[in-house]
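Trainee: missing the sequence, but the structure's below:
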């Protein structure tokens with residue numbers, strides 16, 4: 001039966017469950033539709049911190065305006081893929097891991113050793129590997145690429161050996177009863193994508209460490225005159241505070257507050273761009289036009305090589321717009337907002353089709369509005385970095401936030417230093433907050449897909465999500481303590497895009513034609529955009545990674561350098 005769409009109904013016990021008898025007609029008109037937007041706007045708080053504030057500004061500081069066109073491309077090229085994932089959710093009610101676990105390719109029954117004990121050993125052994133690389137790396141400038149690769153190979157082989165030994169030990173010692181008592185047919189099928197996801201989730205601990213560590217640097221920068229604590233101490237405090245907020249269950253109110261603060265900070269950044277005209281860093285029309293010359297060759301800033309710029313570009317591409325993890329998070333926010341549930345279970349007849357198409361329109365509006373918001377803010381951050389920091393400054397290491405502070409003080413005056421500290425903390429904390437919330441749902445879903453949890457037991461998934469919140473924040477703090485360089489950490493985690501963007505680009509095209517209800521498939525324009533953007537995602541990340549590494553190692557040399 002239908003209900004009026006003026007006010008969202010109260011959430012059922014399991015927001016991921018839907019049936020044919022419970023549905024809600026989609027809102028009609030711009031006004032009613034605006035009340036149902038939100039999943040994409042949650043992502044804005046997650047995107048601005050790691051992508052715009054750190055990586056986009058750093059790229060502008062390193063390369064100047066020459067790559068502005070690529071920054072814009074990075075923002076707009078991912079939205080059609082994001083929207084088609086949302087379409088699949090509304091069509092099938094499946095979460096992103098369930099749908100991608102059905103992609104064609106190798107699959108098999110879950111091994112008996114694949115469970116929480118083995119996964120815990122994998123995480124901590126990987127953490128010890130990071131610690132080994134950090135502690136045994138030379139502190140001078142005489143380190144060679146060969147020496148670094150040798151250490152990486154030795155540590156990597158040691159970590160892999162630990163994983164295999166742990167799996168063998170668990171099979172032999174811990175789970176003989178399960179091995180003999182659980183028939184092969186009862187263990188769920190695990191496709192190749194789930195294995196790729198679990199491996200990439202390890203790397204994303206570094207990403208979360210970069211963001212929460214950046215927030216710690218903001219507090220250390222702002223409070224150093226009153227409280228003398230290192231940034232990693234502030235990082236731990238932020239993790240505790242964030243965890244308490246997430247565990248308290250008051251998510252919706254806190255999300256609205258974070259969205260307001262992020263909006264204010266982004267608006268302030270836009271004001272900074274406007275006020276640049278009153279300073280020595282005034283934006284010139286020729287500079288802006290040079291950013292759309294579609295050139296890959298520029299003049300790097302002081303002490304920056306073309307290889308550095310290429311790797312930063314990869315990190316920016318992975319962190320701006322809708323990243324791979326944000327694409328997955330988006331499907332969960334769409335479900336929890338009610339888009340899939342209100343469409344009702346898939347039914348024959350025209351009524352369900354019209355209702356589902358209505359909710360797809362709401363979802364598309366949400367995704368489009370989100371793209372406009374984060375594209376504008378991304379361009380602003382890039383312009384500030386290119387105008388103020390290029391070519392003399394390169395935000396890096398523990399001085400990242402101090403140098404980024406110049407984008408405010410040089411355009412608004414010295415009084416704006418405090419404004420930047422507050423705003424920078426807000427956006428980085430918001431990224432930590434929304435990213436941790438999204439990943440907790442993602443990992444709980446993964447445990448349900450591989451059969452560690454009962455996927456239909458929503459209470460069990462909630463309990464695991466809360467455990468993951470504590471665990472994930474702790475791992476983020478530890479990775480930041482070991483590396484303490486947010487831009488470098490974001491570049492490292494950006495290599496996840498080399499693997500994941502091609503999968504999402506091509507996989508979404510496959511799902512759109514093979515898994516989405518034929519009555520709900522995209523029209524000609526949406527299909528064309530999906531093909532263009534999906535194939536582009538499959539090509540850009542691997543090419544950018546190979547190009548950046550080759551430049552960094554001197555395997556190729558650009559003309560004129």
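Mentor: Here it is on my side, so go on. None of the values given here were measured: they were computed from a predicted structure. Residues are numbered from 1 along each chain as shown.
Trainee: any idea which helix or strand comes after the least confident helix or strand in the chain by mean pLDDT?
Mentor: None of the helices or strands of the chain scores lower by mean pLDDT, DSSP states H and E than helix 176-181, at a mean of 52. Next helix or strand after helix 176-181 toward the C-terminus (DSSP states H and E): strand 189-191.
Trainee: List the buried residues for the helix or strand just after that following strand?
Mentor: Using DSSP H and E, the helix or strand that follows strand 189-191 in sequence is helix 192-223. By 16 or more other CB atoms under 10 Å, the buried positions in helix 192-223 come out as 192-194, 197-198, 200-222. Yep, even glycine has a C-beta here, placed from its N, CA and C like the rest.
Trainee: quick one: average pLDDT of helix 192-223?
Mentor: The average pLDDT within helix 192-223 is 91.
Trainee: try stretch 414-425
Mentor: Averaging pLDDT along stretch 414-425 yields 79.
Trainee: for the stretch 451-561 of the chain, which spans come out with low pLDDT?
Mentor: For the stretch 451-561 of the chain, the stretches flagged by pLDDT under 70 are 559-561.
Trainee: Would you mind measuring from residue 439 to residue 199?
Mentor: Counting by CB to CB, to the nearest Å, the separation of residue 439 from residue 199 is 15 Å.
Trainee: Also residue 361?
Mentor: Look at residue 361 and residue 199: by CB to CB, they are 36 Å apart.
Trainee: ditto for residue 481
Mentor: Counting by CB to CB - residue 481 and residue 199 are separated by 23 Å.
Trainee: go on, residue 288?
Mentor: Distance, residue 288 to residue 199, by CB to CB: 41 Å.
Trainee: To which secondary structure element is the residue nearest to residue 291 when sequence neighbours are not counted assigned?
Mentor: Distance criterion CB to CB, 6 or more residues apart in numbering; nearest residue to residue 291, sequence neighbours excluded, is residue 68 at 2.7 Å. Take DSSP H and E as the rule and residue 68 turns out to sit in helix 68-76.
Trainee: so what does that helix touch, helix or strand wise?
Mentor: If you count contacts as 3 or more CB pairs under 8 Å, 6 or more residues apart in numbering; DSSP states H and E, helix 68-76 packs onto helix 306-319, helix 350-384.
Trainee: Which of the ones you listed comes out lowest on mean pLDDT?
Mentor: helix 306-319 (a mean of 87).
Trainee: Which SSE is immediately downstream of that one?
Mentor: With DSSP H and E, the next secondary element past helix 306-319 is helix 324-337.
Trainee: before we move on, back to that, off-centre distance for the helix or strand following the helix holding residue 68?
Mentor: Next helix or strand after helix 68-76 toward the C-terminus (DSSP H and E): helix 79-92. With CA atoms, centre = their mean, to the nearest Å as the basis, helix 79-92 stands 17 Å off its chain's centre.
Trainee: Helix 79-92 versus helix 324-337: what angle between them?
Mentor: Orientation check (axes from the mean of the first three to the mean of the last three CA atoms, to 10 degrees): helix 79-92 against helix 324-337 gives 40 degrees.
Trainee: Just the mean pLDDT for helix 79-92, thanks.
Mentor: Rounded mean pLDDT across helix 79-92 is 93.
Trainee: on that earlier part again, pull out the buried residues from the helix holding residue 68.
Mentor: 68-75.
Trainee: what do you get for stretch 265-280?
Mentor: In stretch 265-280, the ones that count as buried by 16+ other CB under 10 Å are 265-266, 268-269, 272-273, 275-276.
Trainee: any idea where the strands of the chain begin and end?
Mentor: Counting by DSSP state E, the chain has strands at residues 107-109, 189-191.
Trainee: Tell me which of these sits most buried.
Mentor: The highest average neighbour count among the strands of the chain, using mean count of other CB atoms under 10 Å, belongs to strand 189-191 at a mean of 18.
Trainee: Could you list the residues in contact with it?
Mentor: Residues outside strand 189-191 that contact it (CB atoms under 8 Å, 6 or more residues apart in numbering): 100-103, 105-110, 114, 449-450.
Trainee: at 6 Å instead, please
Mentor: With CB atoms under 6 Å, 6 or more residues apart in numbering as the contact definition, strand 189-191 has outside contacts at 101, 107, 110, 450.
Trainee: Next, the contact list for the second one, please.
Mentor: Contacts were defined as CB under 6 Å, 6+ apart; by that measure residue 107 touches 189, 191.
Trainee: Swap in 10 Å and give it another go.
Mentor: By CB atoms under 10 Å, 6 or more residues apart in numbering, the contact set of residue 107 is 101, 188-195.
Trainee: Just name the closest of those residues to residue 371, please.
Mentor: Closest to residue 371 out of the contacts of residue 107 is residue 193 (25.7 Å), distances taken as CB to CB.
Trainee: what about the residue found closest to the closest one once you drop the neighbours it is linked to in the chain, how many residues close to it?
Mentor: Distance criterion CB to CB, 6+ apart; nearest residue to residue 193, sequence neighbours excluded, is residue 100 at 4.5 Å. The local packing of residue 100 (other CB atoms under 10 Å) involves 25 other residues.
Trainee: With the one 3 residues further on instead?
Mentor: Other residues lying near residue 103 total 17 when counted by other CB under 10 Å.
Trainee: mind showing which ranges of the stretch 101-250 of the chain have poor pLDDT?
Mentor: Applying pLDDT under 70 to the stretch 101-250 of the chain flags the ranges 136-149, 152, 173-185, 249-250.
Trainee: quick revisit: quick one: distance of the helix holding residue 68 to the chain centre.
Mentor: How far helix 68-76 lies from its chain's middle: 17 Å, per CA atoms, centre = their mean.
Trainee: What of stretch 449-469?
Mentor: Relative to the chain's own centre, stretch 449-469 is displaced by 21 Å; criterion: CA atoms, centre = their mean.
Trainee: One more: stretch 34-52?
Mentor: Its chain's C-alpha centre and that of stretch 34-52 lie 11 Å apart, by CA atoms, centre = their mean.
Trainee: Give me the buried positions along that stretch.
Mentor: Across stretch 34-52, burial judged by 16+ other CB under 10 Å covers 36-52.
Trainee: from the contacts of residue 107, which single one is nearest residue 537?
Mentor: Using CB to CB, these come closest to residue 537 at residue 193, 15.5 Å.
Trainee: what about stretch 24-41, how long is it end to end?
Mentor: Taking CA to CA, to the nearest Å, the first and last residues of stretch 24-41 lie 22 Å apart.
Trainee: Averaged pLDDT, that stretch. What do you get?
Mentor: 86.
Trainee: how far out from the middle of the chain is that stretch?
Mentor: So, by CA atoms, centre = their mean, the centroid of stretch 24-41 is 25 Å from its chain's centroid.
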